[in-house]
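Undergrad: kindly generate the corresponding structure for this input.
(2 chains)
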Protein chains: 2
Amino acid sequence: MTETDPRLAGYQKWEGFDPFEEQSGPFYFKEEGDGSYRCAFISESKHMNGQGAMHGGALMTFADYAMFVIARPALEGISAVTVSFTSEFTAAAGVDEFVESTGEIVHETGGMVFVRGTIFSGERTLLNYSGVLKKLRSRT
Amino acid sequence: MTETDPRLAGYQKWEGFDPFEEQSGPFYFKEEGDGSYRCAFISESKHMNGQGAMHGGALMTFADYAMFVIARPALEGISAVTVSFTSEFTAAAGVDEFVESTGEIVHETGGMVFVRGTIFSGERTLLNYSGVLKKLRSRT
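TA: Numbering: from 1, shown residues only, chains lettered A, B, ... in the order given. Below is the predicted model:
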């Protein structure tokens, strides 16, 4: 697949460079028009485990990426780190699937953003996840 | 670093080939002599996020690997899949750290293995995790 894969029409990548996400994805996101976000990537053989199914680490890395995309409305100009992450693996995935994630901000405080979402391929839910991001304040 | 890095003396890799683990690691394990296992990898720039700290996905991929190593005594000849995974990120890590993981089997049933562990670099705990693996029975 290439970045011109028609399934990725309207999607974009982060402006910055994230080495582990670039190698594990690449992952993409788009704004849905209502303020929410959707993330996607196309699975390749490099995302598989020794049994030929998508590696749990690939799904969780995509989920970690998606949490930061979903939390964007709460993180304007603020960087953040993942504090906790919880997930259930509900189905397997193979190569050349269009894997997506949507979710929501469950709650936001001055210091934290609580997020939940799912990763899915078509009608099949692959991962249910939730996590907490901690906002990092500038020390200047 | 190379596989001859002295910090990896006594460690080995899986016999099979796991594309996502190979690209995300490589990860290593060794038997401790008492039936328990220890896992390790050496962090590189490819494991970092856009802020120059180790990506959460890299830590969780290593944890997923480590859960299967820790569960080995319960999985002789049985393959398994991750059903759930929970973690807390307790500290950041950088490049060229010797990152290790140890843990234990909390409970085993006919169908599942409950595992918990930590990932650490020296005295610094990076990730606290637990998860459930489901044993896959042969259909023959």
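
Undergrad: would you put the C-alpha positions of the lengthiest helix in chain A in PDB?
TA: Looking across chain A with DSSP state H, the single longest helix is helix A:56-70. Output of helix A:56-70 as PDB, limited to C-alpha atoms (Å, rounded to 0.1, in the frame of the first residue of the first chain):
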ATOM      1  CA  GLY A  56      -1.000  -7.300  20.200                       C
ATOM      2  CA  GLY A  57       1.800  -4.800  20.400                       C
ATOM      3  CA  ALA A  58       0.800  -3.400  17.000                       C
ATOM      4  CA  LEU A  59      -2.800  -2.900  18.200                       C
ATOM      5  CA  MET A  60      -1.800  -1.300  21.400                       C
ATOM      6  CA  THR A  61       0.700   1.000  19.700                       C
ATOM      7  CA  PHE A  62      -2.100   2.100  17.400                       C
ATOM      8  CA  ALA A  63      -4.400   2.600  20.400                       C
ATOM      9  CA  ASP A  64      -1.800   4.700  22.200                       C
ATOM     10  CA  TYR A  65      -1.500   6.900  19.000                       C
ATOM     11  CA  ALA A  66      -5.300   7.100  18.800                       C
ATOM     12  CA  MET A  67      -5.700   8.200  22.400                       C
ATOM     13  CA  PHE A  68      -3.600  11.200  21.700                       C
ATOM     14  CA  VAL A  69      -5.700  12.000  18.600                       C
ATOM     15  CA  ILE A  70      -9.000  11.500  20.400                       C
END
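
Undergrad: angle of that helix against helix B:56-70?
TA: In terms of direction (axes from the mean of the first three to the mean of the last three CA atoms, to 10 degrees), helix A:56-70 departs from helix B:56-70 by 150 degrees.

Undergrad: quick one: helix A:56-70 near chain B?
TA: Yes: contact of helix A:56-70 with chain B (CB under 8 Å from any CB of the partner chain) involves A:56, A:57, A:58, A:60, A:61, A:62, A:64, A:65. C-beta: built from backbone N, CA, C; applies to glycine.

Undergrad: what about the fifth one, neighbour count?
TA: Right, the one you point to is residue A:61. Number of residues near residue A:61 (other CB atoms under 10 Å in any protein chain shown) recorded here: 28.

Undergrad: next: the third one.
TA: Using other CB under 10 Å, residue A:58 has 29 other residues around it.

Undergrad: does it touch residue B:19 like I think?
TA: No: the pair residue A:58 / residue B:19 is not scored as a contact, 9.5 Å apart, by CB atoms under 8 Å.

Undergrad: now list whatever residues contact both of those two.
TA: Residues touching both residue A:58 and residue B:19 comprise residue A:47, with contact defined as CB atoms under 8 Å, 6 or more residues apart in numbering or on different chains.
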